[in-house]
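Participant: Compute the structure for the input listed below.
(one chain, ligands or ions: 1)
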Amino acid sequence: MRKRKFGNSDLETSVIGYGGWPMGRGQYGPFDDDESIKSARTSYENGITLFDTAAIYGWGYGEKLMGKAIKDFRKNIVLVTKGAREWDRNNPDRNTATIADSDPIKLTKSIDESLKRLQTDYIDLFLIHWPDKTRPFSVPMEVLEKAKNDGKVRYSGVSNFSVSMMEESLQSSDIVTNQIGYHIFDRRPEKEVMPYIKKKNMGVMAYGSLAHGLLTGKWNTSKTFTNDDWRQNTTNFGLHSWSKENLKSNLEVAKKIQNLGKEFNKSITQLAISWVLANETVSVALAGSTKPENSIENLGGDWDMPDDLKNEIDKLVLNVGSGVGKSGMEIAT
Ligand SMILES: NC(=O)c1ccc[n+]([C@@H]2O[C@H](COP(=O)([O-])OP(=O)(O)OC[C@H]3O[C@@H](n4cnc5c(N)ncnc54)[C@H](OP(=O)(O)O)[C@@H]3O)[C@@H](O)[C@H]2O)c1
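Facilitator: Numbers count the residues shown, from 1 in each chain. Just a heads-up that it's a prediction; the model follows:
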């Protein structure tokens, strides 16, 4: 497994990172806890050294499970979690039940709670999950600086931040990354966000490398989601990749991408991950899985995709697909 640094920082990780959202019970459909733990451990045994989670995943459940999974090798990995997204579990409206909230007292408390759930006394990389536009960005950054001084956090970063938000944050903290949605069907960050990250010598953490399941070759046009799965919403971070109008055409594109992989003996998930890694600003491509066999398959994404193949995939998505890959859209915040 190849490694990359986060920009010019000395934080280094495997190019593929294990994504912990699917093991956040109640948000990503049903799964088996033991299988999920096995999936994370198998990933580590095969060279994955970055594990990503968030306080909000499963309203704390995801961190607890991640803590169990990584316990035996915690010191050997880059453990990433996120905060400043408060939740009200009793609120049935998903849109208002979680809100970006960087209140410094709540954020400070939530770092301690994450440490407890993750069974560790330090977080390698702590990210502000979503921008809280009601406060200056110096507020959460100063909390992270204090957590660094206290030895609770090693590196700070943000997630889902636009250029101006990163600019403001950088005045108060040496953030090393912005974790953003980036995959074959979502090229919005290429226009402004990624060039800025590169210019500032930071690294991109790309999430949704498999378009949250659309790029796995396992979906068909009758794909449905259970009530405890966020994907039952037809929008995914401002896109409509599996809405009624787009699912069929996007699956057709996915099928064509899958066929392109045959010549190289690569599955569609492996192509999807290596496509993300073909962008040199990306430090790590995150892929989430609660199944060991899927995590093993995804390791094959650590591959240098030939330029011609990447061009063919790009043409398919930009010209034949539903248009969701159009660049230049505002990043969803
Ligand atoms: N900062 C943010 O706002 C943000 C937002 C989204 C995600 N993230 C992070 O990024 C990570 C990756 O994104 P994601 O998990 O949403 O999406 P993803 O990695 O694109 O896709 C995950 C989905 O793909 C399935 N899958 C994975 N490998 C597969 C394989 N080989 N064959 C078939 N299905 C496969 C998983 O199902 P199984 O469990 O059944 O394998 C899961 O349903 C997250 O886990 C999270 O850590 C961050």
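Participant: Name all residues that make contact with the spatially most central residue of the chain.
Facilitator: Residue closest to the average C-alpha location in the chain (CA atoms, centre = their mean): residue 207, at 2.8 Å. Residue 207 sits next to 19, 52, 179-182, 286 when contact means CB atoms under 8 Å, 6 or more residues apart in numbering. Using the backbone N, CA and C atoms, a C-beta is placed for each residue, glycine as well.
Participant: can you pull out the helices in the stretch 151-300 of the chain?
Facilitator: 163-170, 193-199, 244-262, 268-277, 292-298 (DSSP state H, counting those that start in this stretch).
Participant: Show me what from the stretch 151-300 of the chain comes close to the ligand.
Facilitator: 159-160, 179, 207-213, 216, 218, 269, 286-291, 294, 297-298 (CB under 6 Å from any ligand atom).
Participant: switch to 5 Å and redo it
Facilitator: The stretch 151-300 of the chain comes close to the ligand at residues 159, 179, 207-208, 210, 212-213, 216, 218, 269, 286-291, 294, 297, as judged by CB under 5 Å from any ligand atom.
Participant: So which of these belong to strands?
Facilitator: 159, 179, 207, 286-288 (DSSP state E).
Participant: Most neighbours among the contacts of residue 207, which one?
Facilitator: Neighbour count (other CB atoms under 10 Å) singles out residue 19 as the most crowded of the contacts of residue 207, with 29 neighbours.
Participant: Which residues are in contact with the residue nearest to that residue when sequence neighbours are not counted?
Facilitator: Leaving aside its sequence neighbours, residue 19 sits nearest to residue 288 (CB to CB, 6 or more residues apart in numbering; 3.1 Å). By CB under 8 Å, 6+ apart, residue 288 lies in contact with 18-23, 28.
Participant: Try it again at 10 Å.
Facilitator: 17-24, 28, 36, 39, 52-53, 57, 207-210, 212-213, 294-295, 298 (CB atoms under 10 Å, 6 or more residues apart in numbering).
Participant: cool, and residue 269?
Facilitator: 209-210, 213, 215-218, 258, 261, 287, 289, 294, 297-301.
Participant: redo that, cut-off 7 Å
Facilitator: The contact partners of residue 269, taken as CB atoms under 7 Å, 6 or more residues apart in numbering, are 210, 215-216, 297-298, 301.
Participant: From residue 175, how far out is it?
Facilitator: 30 Å (CB to CB, to the nearest Å).
Participant: residues contacting residue 124?
Facilitator: Residue 124 touches 78-80, 154-155, counting by CB under 7 Å, 6+ apart.
Participant: Residue 88 now?
Facilitator: Residues in contact with residue 88 (CB under 7 Å, 6+ apart) are residue 97.
Participant: hang on, the earlier thing: out of the contacts of residue 207, which comes closest to the ligand?
Facilitator: Comparing the contacts of residue 207 against the ligand with CB to the nearest ligand atom places residue 19 closest, at 2.4 Å.
Participant: wait, the closest one sits on residue 52?
Facilitator: Yes: applying CB atoms under 7 Å, one finds residue 19 in contact with residue 52, separated by 5.4 Å.
Participant: Show me whatever sits in contact with both of these two.
Facilitator: Common neighbours of residue 19 and residue 52 (CB under 7 Å, 6+ apart) are residue 286.
Participant: pLDDT-wise, which helix or strand of the chain ranks last?
Facilitator: helix 94-97 (a mean of 69; mean pLDDT, DSSP states H and E).
Participant: Pull up the pairing partners for the helix or strand following that helix, direction included.
Facilitator: The helix or strand immediately downstream of helix 94-97 is strand 98-100, counting by DSSP states H and E. Counting by DSSP bridges, the strands paired with strand 98-100 are strand 85-87 (antiparallel).
Participant: how distant is the partner strand from the center of its chain?
Facilitator: 18 Å (CA atoms, centre = their mean, to the nearest Å).
Participant: Flag the shaky bits of the stretch 1-150 of the chain, pLDDT-wise.
Facilitator: 94-95 (pLDDT under 70).
Participant: Around the ligand, pick out the residues from it.
Facilitator: So far as CB under 5 Å from any ligand atom goes, the stretch 1-150 of the chain lies against the ligand at 19-22, 52.
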